[in-house]
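> Turn this into a structure:
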Amino acid sequence: MLAKIAHKKVYSQKNPSNMDQEVKYIDLDELVLWTENPRDPINKDASDQDVVDRAFEDKYSKWTLSKLAKDMGEYYDLSELPTVVYHGKKPIVYDGNRRIVLGKIKSGLVKVPGAENLKLPSFPVKIPCNVCSKEIAIKNVYRKHADSGSWTPLDRDIFVHKFMKQEKSIFLKLEESTNLISNNPHLNRVFVKDEIFTQHNLGELGFDFDGDKLVSKHTNKEAKAILKDVAGQIALKNITTRKNRGQVLNLLENSNREIIEKNRNNNPNKTQIHFDPEKIDKSPRKTRRVKKKEIEFFGGDLYLKPGDVSNLYRDISDLYKFYKDKKAVLSDSFPSLIRMSLRLICEAAATKKIDDYIRTYFAKAKKDLDTDAKTTLSNHNVHENTLVQLLHTGAHNYSAANNLDQTIAVSIILGAMLTHSHGKN
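Presented below is the predicted three-dimensional model:
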């Protein structure tokens, strides 16, 4: 069969859009590596040797040539066709560059340190390739790589803008204005793109775009400090897909939140920021801050059975988040609304009287709390025999209800009780 293919050299196929694809054998030494490869683009005038040097260095672990060589085994599989587009007389490899890099190293067409010690598959002199138009090549490359995990979110956004003529994403515009993402690889993740650097979150932080250019309501120094803070929170895993998901503003340093509030009514101006590589991840200041454990309302996220209690829990949590975000402009009496809402959810959870509900669940819920939470309860006089009065006081005494620290302490034990009484199995 292979002999017949080698003899005919070329097979053609018409696709529905009437654009040709050909399986054509091309000499390995004629194939040209793609300098605009989304995996790791390089100067368009770079040589094959330049591309191989970059691939062999593999600064961001995008090429992983040793693993590929091992996966390929003893020989090059002729069924895996590189995608090739002719630029004039040059056959450019749009897909399959890693395999062709290994072939060029094996054949001595490019040089790498210790090449003689590398265990590489055997390669034929002529490589069967799918030769097609640039349009088909772009579609093929996108289909194979966009969602395969071989590209980062930034790789994908660059590709669809540059080669598929789609509008720039917010993620890409932020990168082009600041170099924030490329110089801090821990940000180049799907959840950061989809949930952190969104139009809404950037707007909350005082940023927007004028066309493709980043603008902000802050000075350049302030803007850089805010973005650095966001990146730091992600690096320290204070924001993950499981923790504080999608939240940004209320996790920032107090100084940055004060800047955002102070500048809220400013007109946006062009922002000029440049981040240096890997400067954000683990600064000493951030490390010290993460050691300080912040007390979470309700003791953290609750997972309750659907119903009125669950709905009230979500509403009260949103009310508390609203207070944290806006407390600079809210009255000193606002915390009393939160305190009153805790009695409301306790009444909703109780099948009879609040007293009976507390006697049933308080002790067993307290056993689930860690030492810090138990200390918080004790410091604010939250005990089984005081909780009823604290809830009643919150509903009738505005002054006492404004004690936010005590309200948080009450919410912690209520959160543990609600988990026992209304938690999902």
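> all contacts plus neighbour counts: C-alpha atoms, from now on.
Noted.
> Can you tell me the SS state at the nearest residue to Asn244 once chain neighbours are set aside?
Residue nearest to Asn244 in three dimensions, not counting chain neighbours: Asn238, with 7.0 Å by CA to CA, 6 or more residues apart in numbering. The three-state label given to Asn238 by DSSP: H, G, I helix; E, B strand; the rest coil is coil.
> measure Ala46 to Pro128 for me?
25 Å (CA to CA, to the nearest Å).
> mind giving me the domain ranges of the protein?
2-150, 155-291, 297-422 (automatic domain parsing).
> With mean pLDDT and mean neighbour count added, can I get the ones you listed in TSV?
Putting those into TSV (pLDDT from 0 to 100; neighbours: other CA atoms under 10 Å) gives the following:
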stretch	mean pLDDT	mean neighbour count
domain 2-150	84	16
domain 155-291	85	17
domain 297-422	87	17
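> Can you name the element that comes right after the helix or strand that contains Arg98?
Assigned by DSSP states H and E, Arg98 belongs to helix 97-106. Using DSSP H and E, the helix or strand that directly follows helix 97-106 along the chain is strand 126-132.
> From the contact counts, what lies against that next one?
For strand 126-132, the packing partners by 3 or more CA pairs under 8 Å, 6 or more residues apart in numbering; DSSP states H and E come out as strand 20-27, strand 83-87.
> Report the strands that pair with it, each with its relative direction.
Strand pairing for strand 126-132, using DSSP bridges, gives strand 20-27 (antiparallel), strand 83-87 (parallel).
> Can you show me the strands along the chain?
Assigned by DSSP state E, the chain shows strands spanning 10-14, 20-27, 32-33, 83-87, 90-95, 126-132, 207-210, 213-216, 269-270.
> would a markdown table of those with distance to Lys321 be doable?
Putting those into a markdown table (distance: least, CA to CA, whole Å) gives the following:
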| stretch | distance to Lys321 |
| --- | --- |
| strand 10-14 | 59 |
| strand 20-27 | 57 |
| strand 32-33 | 52 |
| strand 83-87 | 52 |
| strand 90-95 | 48 |
| strand 126-132 | 55 |
| strand 207-210 | 21 |
| strand 213-216 | 24 |
| strand 269-270 | 29 |
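> Which of these sits closest to Arg359?
With respect to Arg359, and counting by CA to CA, the nearest of the strands of the chain is strand 207-210 at 50.0 Å.
> And that closest one, how far out from the chain middle?
20 Å (CA atoms, centre = their mean, to the nearest Å).
> Equivalent analysis for stretch 383-390, please.
The chain centroid and the centroid of stretch 383-390 are separated by 43 Å, computed with CA atoms, centre = their mean.
> Pull the residues that contact that stretch.
354-355, 358-359, 362-363, 377, 382, 410 (CA atoms under 8 Å, 6 or more residues apart in numbering).
> how far does it stretch from start to finish?
Terminal-residue distance, stretch 383-390 (CA to CA): 10 Å.
> can you give me the helices in the stretch 151-300 of the chain?
153-162, 170-178, 190-191, 199-204, 220-235, 254-262, 284-291 (DSSP state H, counting those that start in this stretch).
> same question, the stretch 301-425 of the chain
According to DSSP H, counting those that start in this stretch, the helices that the stretch 301-425 of the chain contains are 308-326, 334-349, 354-367, 371-379, 387-396, 398-401, 404-422.
> mind giving me a markdown table with the ones you listed and columns for distance to Ile295?
Conversion of these to a markdown table gives the following (distance: least, CA to CA, whole Å):
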| stretch | distance to Ile295 |
| --- | --- |
| helix 308-326 | 13 |
| helix 334-349 | 16 |
| helix 354-367 | 16 |
| helix 371-379 | 8 |
| helix 387-396 | 19 |
| helix 398-401 | 18 |
| helix 404-422 | 8 |
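> Which one, of those helices, ends up nearest to Glu30?
Nearest of the helices of the stretch 301-425 of the chain to Glu30, taken as CA to CA: helix 308-326 at 60.9 Å.
> Grab the CA positions of that closest one and hand them over as CSV.
Extracted in CSV, the C-alpha atoms of helix 308-326 (Å, rounded to 0.1, in the frame of the first residue of the first chain):
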residue,chain,number,x,y,z
ASP,A,308,-36.8,29.1,51.1
VAL,A,309,-33.9,28.7,53.6
SER,A,310,-31.4,28.3,50.7
ASN,A,311,-32.9,31.3,48.9
LEU,A,312,-32.6,33.4,52.1
TYR,A,313,-29.1,32.3,52.7
ARG,A,314,-28.0,33.4,49.2
ASP,A,315,-29.8,36.7,49.6
ILE,A,316,-28.2,37.4,53.0
SER,A,317,-24.8,36.5,51.6
ASP,A,318,-25.3,38.9,48.7
LEU,A,319,-26.4,41.6,51.2
TYR,A,320,-23.2,41.1,53.2
LYS,A,321,-21.1,41.3,50.1
PHE,A,322,-22.9,44.4,49.0
TYR,A,323,-22.1,46.0,52.4
LYS,A,324,-18.4,45.0,52.1
ASP,A,325,-18.2,46.5,48.6
LYS,A,326,-20.1,49.7,49.4
